[in-house]
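J.: Structure of the sequence below:
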Amino acid sequence: MAASRALVIVESPAKAKTIEKYLGKGFDVRASVGHIMDLPKNDIGVELKKRTFEPELVVSPGKEKVVDQLKKLASRADEVYLAPDPDREGEAIAYHLALQLGTNSKERKKIRRVTFNEITKKAVQDAFKHARDIDQNLVDAQQTRRVLDRLVGYQISPLLWDKVRRGLSAGRVQTVALRLIVEREREIGAFQPVEYWTLDALLHPERRNREKFKARFVGIDGEPARVANGKDDKDGKDQFLSNALPGKKAMDAVLAALQDARWSVTGVQAREQQRRPVAPFITSQLQRDAANKLGFNVRRTMGVAQRLYEGVDLGSEGTTGLITYMRTDSPRVAPEAVTAARAWIGKELGPQYLPAAPNAYKGKKDAQDAHEAIRPTDAARTPESIARYLTDEQLKLYTLIWKRFVASQMVPAVYDVTTATIAAVSSKTGKTYDFRVSGSVLRFDGFLKLYEVSEDKKDEDDESANRLPSLDGVKTLGMDELLPEEHTTQPPPRYNEASLVKELEERGIGRPSTYASIINTIQDREYVVKHGGSRGRFYPTEIGVVVCDLMVKNFPYIFDTQYTARLEEELDDIEEGKEKWTDLLNGFYDHFEDELKVAGKKMENIKRMEKMTGEKCEVCGSPLVLKWGKFGTFYACSAYNKKDPASCTFTKENIAAKPDLNTPEAQDVGETEEYCENCGKVMVLRRGLFGPFMSCPDYNADPPCKTFRKLSQKQQQKPPEPTGEDCPACGKPLVLRQGAYGEFVSCSGYPKCKYIKQNLVEGMKCPKCGDGDIAERKARRGNVFWGCTNYPKCDFTSNLKPVPKKCPACGSPYLVEKTLKSGVYLECPNKKKTAEEEAAPKKRGKKAAPAEEEKNAVMCSYSKRIGDAPPPPTAETHGPVLEKKEEKRELQPV
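T.: Got it, this is the predicted structure:
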């Protein structure tokens, strides 16, 4: 009897390679390479007439071969295990696989779902012992998110195309994230700085060692010194800057009073303070710490973490998963992992670092708690022990995760904190000027021996790091110097990736699996730009501001931050079986449909915008108007008339609408690389059928990483480069530009001067009309051909480069240069095709010439080899060869 055979399907080739090692014989592990089904590309794909909201799922373009292969393998297998990632998206992938593979009751019976939080031998084998059915609640939650996003994107985007610009789109969650960035930019623009002064006194104990220390001025006669600083945006209460004076006049008065003051210590308080360890990482905290400590952006962090989760080759151990699943919002940890961490601490660091009982951590109230915290799969596997097997970025991130987890099971750090209050009594005013100083000394490092907690923001008045001399028994002090300092309040900082993730998490917008895609999307759509290196800040672009304002004004309910957060909570309820997915969609669509109807009638048409301004035309003095163009707003002369060629054509850029990139934070160039979202490696620029694109360097590796991203037309364009030549038409410099069909040289005076330098065949006139020159051209598909400069009057073209030499055989006025595998040849254009040419693939082109014309054509056999053929293209020189369907799908996402 033949042994049973099981098919296991995961979503990633790297994951498949690791799992197959643990399962052994009898298991065939294959990868679906992500999703295999989705909503149709050219239709909304959601049933709206009867309000069932049923999605119309189709096989994703380019995945037909994958699905067919999996179907054949499943039909021959005795059991089919679906093992995508243990989250909503993974459950949806498993559900789509089951739809394709379980076409009848017999096939459906052998399909089972397995999940594991870590890819280790024990976890994988245990998962297969506890196989289950697909969780329909998880599928419904993911499907609801997908339908929500499709309804918003598919029905709002046409409005933006009509009112603003073609190619724009709006996303349900991405627009809310964009709103946060735009609102922060407006806060910065409206910020009113407040001047304030602080005062430190440099003091020393009298009649002892004269060790100096600083004390901060805090008030007069027990009344705190503070400066008004506006009102709180949330509750409207007055805000104050503590330990400060309002201006130089007030400061000068205090300085004058302190010149002959008597200084004394009025109280010393010493206490012990503990600093407790922090919980293991959840996704958002990992993204923030990796940004703050390692300079990783969110995409890079999640890409590197994905590889650590799926497995790394550890030599004799083979491919091994190093961390648990990296998309989680729960700090929960498995008991066996806690035991392993405590064992390592006790053995390597000593019992003084080990708490009597394990530390336990609670997550947020609305955390899904479906997965453990992010931790190493084996606490005994230290970063040093596996460093030689990891890349630099993998080692950095693994070290961060390992230290945070082990430190979470250690004892607190202990500080001795001393606070002294000081009085300075002025003989001039009779008032007592209050000063205070605090200092701390680390007595026991505890968990800080392994992990230093990164602070998002440090208080400039925090004096706890000061080291104080002993003040026990000290009554009088000597004053060495008074140190006044002027300050100005600063606007709130622009968001960077770490702070934006924190804001989204605190507001309940999005979930761990969506933060990276939210940030990527608003950048890919060019609604925001990031400047300032790896820790760069987000600046909204003009088009980003326009889209945000239109969305918030016309869809106030749908794009409200609180409503978006409530939707996330309702998606959690669907996952837990507390709410039907159709109820959520019905409630959402009631609001959305109403706002959509109103927006269709009342949304401002930005395309036709023409606003009068107070500025005058620099050419004719007429008023300037603000208009909308392809690249945003610009000023144009109101005297311009399309029908009158002599009217004023003056225009100028609207600089005020562009992001202010002159701030210090924007000037920091830092790193500019782009990182693969799946493995974290630096992406490389390659060229494919549809133009330049960014690709993972492991595209052709084993296992491959098929990540790539098409560059927008704007990203592909280089700034014009001077050529050193002058325009023959107007005398201005010529520049090299990047166009839709490649590079070309034109006048820098465009659009007034439309001269374009053509690549002409020297010494040759058109053989058909005898008047025009022969110039190199580029067709829409990117292929090069040569044609007459008198087109369209003369339609002469040649797919091969003409050479101004007469054919010695038939007298043709020119020859052509042809490149074949066997070499480069000069041939007569009247030459009959060789067997090699006949076998070559035919190009699509114009219809064949009439038979009579071919019959009367001159046939010539002249051919002369003039050189070797160039080497064939390789993956290194031209990038990977992509399947046409797959590339279209990836490069033109919905």
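J.: Go over the secondary structure and confirm Leu48 is in a helix.
T.: No. Leu48 sits outside any helix when classified using DSSP: H, G, I helix; E, B strand; the rest coil, being coil.
J.: All the strands of the stretch 151-300 of the chain, residue numbers only.
T.: 195-205, 213-220, 223-224, 226-231, 238-242, 262-275 (DSSP state E, counting those that start in this stretch).
J.: Can you add mean pLDDT and give the ones you listed back as a markdown table?
T.: Listed next are those as a markdown table, based on pLDDT from 0 to 100:
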| stretch | mean pLDDT |
| --- | --- |
| strand 195-205 | 95 |
| strand 213-220 | 96 |
| strand 223-224 | 96 |
| strand 226-231 | 92 |
| strand 238-242 | 93 |
| strand 262-275 | 93 |
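J.: Report the beta-bridge partners for the closest residue to Arg494 other than its chain neighbours.
T.: Excluding the flanking residues, the one nearest Arg494 by CB to CB, 6 or more residues apart in numbering is Arg537, at 3.8 Å. (Glycine included, C-beta is placed from N, CA and C.) Note on Arg537: beta-bridge partners Asn496, His531, judged by DSSP bridges.
J.: still on that earlier bit, so which of the strands of the stretch 151-300 of the chain is nearest Tyr589?
T.: Ranking these by proximity to Tyr589 (CB to CB) places strand 226-231 first, at 38.8 Å.
J.: Next, the angle strand 195-205 makes with that closest one.
T.: Computed by axes from the mean of the first three to the mean of the last three CA atoms, to 10 degrees, the angle separating strand 226-231 from strand 195-205 equals 150 degrees.
J.: Show me what strand 226-231 is packed against.
T.: Contacts defined by 3 or more CB pairs under 8 Å, 6 or more residues apart in numbering; DSSP states H and E place strand 226-231 against strand 238-242.
J.: Now the strand it packs on: buried residues?
T.: Leu241 (16 or more other CB atoms under 10 Å).
J.: who's in contact with it?
T.: Strand 238-242 has contacts (CB atoms under 8 Å, 6 or more residues apart in numbering) with 194, 196, 218, 224-232, 461, 489.
J.: switch to 10 Å and redo it
T.: By CB atoms under 10 Å, 6 or more residues apart in numbering, the surrounding residues in contact with strand 238-242 are 194, 196, 198, 216, 218-219, 224-233, 461, 487, 489.
J.: same deal with stretch 243-260?
T.: By CB under 10 Å, 6+ apart, stretch 243-260 touches 194-199, 201, 216-220, 224-229, 424-431, 433-436, 461, 479, 482, 484-487.
J.: Name only those of the residues you listed that count as buried.
T.: 194, 196-199, 201, 216-220, 225-227, 229, 424-426, 429, 433-436, 479, 482.
J.: how about the strands in the stretch 551-700 of the chain?
T.: In the stretch 551-700 of the chain, the strands defined using DSSP E, counting those that start in this stretch lie at 610-616, 623-629, 632-637, 651-653, 684-688, 691-695.
J.: Next: the stretch 701-850 of the chain.
T.: Going by DSSP E, counting those that start in this stretch, the stretch 701-850 of the chain shows strands at 708-710, 721-726, 733-739, 742-747, 756-757, 760-765, 773-778, 784-788, 797-798, 801-803, 815-820, 823-827.
J.: List the strands paired with the longest one, with their directions.
T.: Under the criterion DSSP bridges, strand 733-739 sits next to strand 721-726 (antiparallel), strand 742-747 (antiparallel) in its sheet.
J.: mean confidence score for the first one?
T.: Strand 721-726 shows an average pLDDT of 86 in the prediction.
J.: Check the offset of that strand from the chain's centre.
T.: Offset of strand 721-726 from its chain centre (CA atoms, centre = their mean, to the nearest Å): 37 Å.
J.: Put the alpha carbons of that strand into PDB.
T.: In PDB, the C-alpha atoms belonging to strand 721-726 read as follows (Å, rounded to 0.1, in the frame of the first residue of the first chain):
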ATOM      1  CA  GLU A 721      21.100  68.600 -17.300                       C
ATOM      2  CA  PRO A 722      22.900  71.300 -19.300                       C
ATOM      3  CA  THR A 723      24.700  70.000 -22.400                       C
ATOM      4  CA  GLY A 724      27.000  73.000 -22.900                       C
ATOM      5  CA  GLU A 725      25.400  73.800 -26.300                       C
ATOM      6  CA  ASP A 726      23.200  76.700 -27.200                       C
END
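J.: List of residues touching it?
T.: By CB under 10 Å, 6+ apart, the list of residues contacting strand 721-726 reads 732-738, 743, 745-748, 757.
J.: ok, 6 Å please
T.: Applying CB atoms under 6 Å, 6 or more residues apart in numbering, the contact partners of strand 721-726 are Pro733, Leu734, Val735, Leu736, Val745.
J.: Show the buried residues in the residues you listed.
T.: Using 16+ other CB under 10 Å, the buried members of these are Leu734, Val735, Val745.
J.: Which helix runs longest in the protein?
T.: Ranked by residue count under DSSP state H, the longest helix found in the chain is helix 136-163.
J.: Kindly compare burial across the strands of the stretch 701-850 of the chain and name the winner.
T.: Stretch with highest mean neighbour count among the strands of the stretch 701-850 of the chain: strand 708-710 (a mean of 20; mean count of other CB atoms under 10 Å).
J.: taking the mean pLDDT, what do you get for that strand?
T.: 71.
J.: And for the closest residue to Gly536 other than its chain neighbours, the neighbour number?
T.: What sits nearest to Gly536 in space, not counting adjacent residues and going by CB to CB, 6+ apart, is Lys530, at 4.2 Å. As a burial measure, Lys530 scores 21 neighbours (other CB atoms under 10 Å).
J.: For stretch 267-285, buried residues please.
T.: So for stretch 267-285, counting by 16+ other CB under 10 Å, buried means Val268, Arg275, Pro277, Val278, Ala279, Pro280, Phe281, Ile282, Thr283, Ser284, Gln285.
J.: ok, the last one - contacts?
T.: Going back to what we said before, that points to Gln285. Contact analysis of Gln285 by CB under 6 Å, 6+ apart lists nothing.
J.: and the gap between it and Phe447?
T.: Applying CB to CB, to the nearest Å, the value for Gln285 to Phe447 is 16 Å.
J.: thinking again about what came up before, columns distance to Thr651 on top of the strands of the stretch 701-850 of the chain, output as TSV?
T.: TSV is the format used below for these (distance: least, CB to CB, whole Å):
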stretch	distance to Thr651
strand 708-710	31
strand 721-726	23
strand 733-739	19
strand 742-747	17
strand 756-757	21
strand 760-765	33
strand 773-778	29
strand 784-788	33
strand 797-798	37
strand 801-803	40
strand 815-820	44
strand 823-827	48
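J.: Flag whichever of the ones you listed has the least confidence on average.
T.: Averaging pLDDT over each of these puts strand 708-710 lowest, since it has a mean of 71.
J.: I'd like the distance between the residue nearest the centre of the chain and Arg300.
T.: Closest residue to the average C-alpha location of the chain: Asn520 at 2.9 Å, with CA atoms, centre = their mean. Remark: distance between Asn520 and Arg300 (CB to CB) = 11 Å.
J.: next one: Asn554
T.: For Asn554, the distance to Arg300 - CB to CB - is 36 Å.
J.: Between these two, point out the one with more neighbours.
T.: Here Asn554 and Arg300 are compared on neighbour count by other CB under 10 Å; more neighbours surround Arg300, at 29 against 21.
J.: Counting neighbours, what do you get for the residue nearest to that one when sequence neighbours are not counted?
T.: Nearest non-adjacent residue to Arg300, counting by CB to CB, 6+ apart: Tyr675, 3.6 Å away. The tally of other residues near Tyr675 (other CB under 10 Å) stands at 24.
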